[in-house]
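> fold the following for me, if possible:
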Amino acid sequence: MSWLLIIILIVLGLLFLLLEVLVIPGTTLAGILGFGALFVGIWQAYASKGIAAGHITLGSTIVVTIISLYFSFKTGTWKRMALKSTVDGKMDQLEGLDIKVGDIGTSISRLAPSGKAIFNNEIIEVHTFGEFIDQEKELIVISVTENKIIVTLKK
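Below you'll find the model as predicted:
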């Protein structure tokens, strides 16, 4: 095999590996093709050019791979692809609500098994123990934790 084909295989393998690392998440066909092309290129250097040329090809491939990965990470490639937005939503906080066990309220949406209800003129999210309750039904609070209110149908 000629040096040109060996170099083409190694360059293609390196490009596929960079594509795998920088663009495509997870282990995909690009990574497998990249490792395969690198392996075949180095193997052909050993098989057709001898042990000394194979060692030189292997060493230079490792060095070029490390240098290209270093520069692709250093040049800010990750900064251009990274998500820069922040999550500013908040979980329902029960602080400041005067809800206690035994309070009576009304469902304003279907509880399947969670939904919205009105207790003490406040619209809050409530949960059941798996039962489905239609809207406009009278509810009773059976449990209040830090972030969850458990209700059941008032009997």
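
> can you pull out the strands in the chain?
With DSSP state E applied, the chain shows strands at 104-107, 114-119, 122-127, 138-144, 149-153, listed in chain order.

> of those, which is nearest Met1?
Closest of those to Met1 is strand 114-119, at 65.2 Å (criterion: CB to CB). All C-beta atoms are positioned from the backbone trio N, CA, C, and that covers glycine.

> save the strands of the chain as a markdown table, and put in distance to Val63 and mean pLDDT too.
Shown next, in a markdown table, are the strands of the chain (distance: least, CB to CB, whole Å; pLDDT from 0 to 100):
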| stretch | distance to Val63 | mean pLDDT |
| --- | --- | --- |
| strand 104-107 | 68 | 93 |
| strand 114-119 | 58 | 91 |
| strand 122-127 | 58 | 89 |
| strand 138-144 | 64 | 92 |
| strand 149-153 | 62 | 91 |
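
> so Gly36 sits against Gly13, correct?
Yes: between Gly36 and Gly13 a contact is recorded at 7.2 Å, counting by CB atoms under 8 Å.

> buried residues in the longest helix seen in the chain?
Secondary structure of the chain per DSSP state H: the longest helix is helix 51-74. Of all the residues in helix 51-74, those buried under the rule 16 or more other CB atoms under 10 Å are Gly54, Thr57, Leu58, Thr61, Thr65.

> Val141 and Ile118: what is the separation?
In this view, Val141 and Ile118 are 12 Å apart by CB to CB, to the nearest Å.

> with Gly41 instead?
With the distance defined as CB to CB, Gly41 ends up 70 Å from Ile118.

> more neighbours: which of these two?
Shown here are Gly41 and Ile118; by other CB atoms under 10 Å, Gly41 has more neighbours (23 against 14).

> ok, and the closest non-adjacent residue to the more buried one?
Sequence neighbours aside, Leu9 is the residue nearest to Gly41 in space, at 3.4 Å (criterion: CB to CB, 6 or more residues apart in numbering).

> and Ile149, by the same measure?
Counting by CB to CB, 6+ apart, the residue nearest Ile149 is Val126, at 4.8 Å.

> look up phi and psi at the most centrally placed residue in the chain.
What sits nearest the mean C-alpha location of the chain, by CA atoms, centre = their mean, is Pro25, with 9.6 Å. Backbone dihedrals for Pro25, given as degrees, to the nearest 10, come out at phi -80, psi 150.
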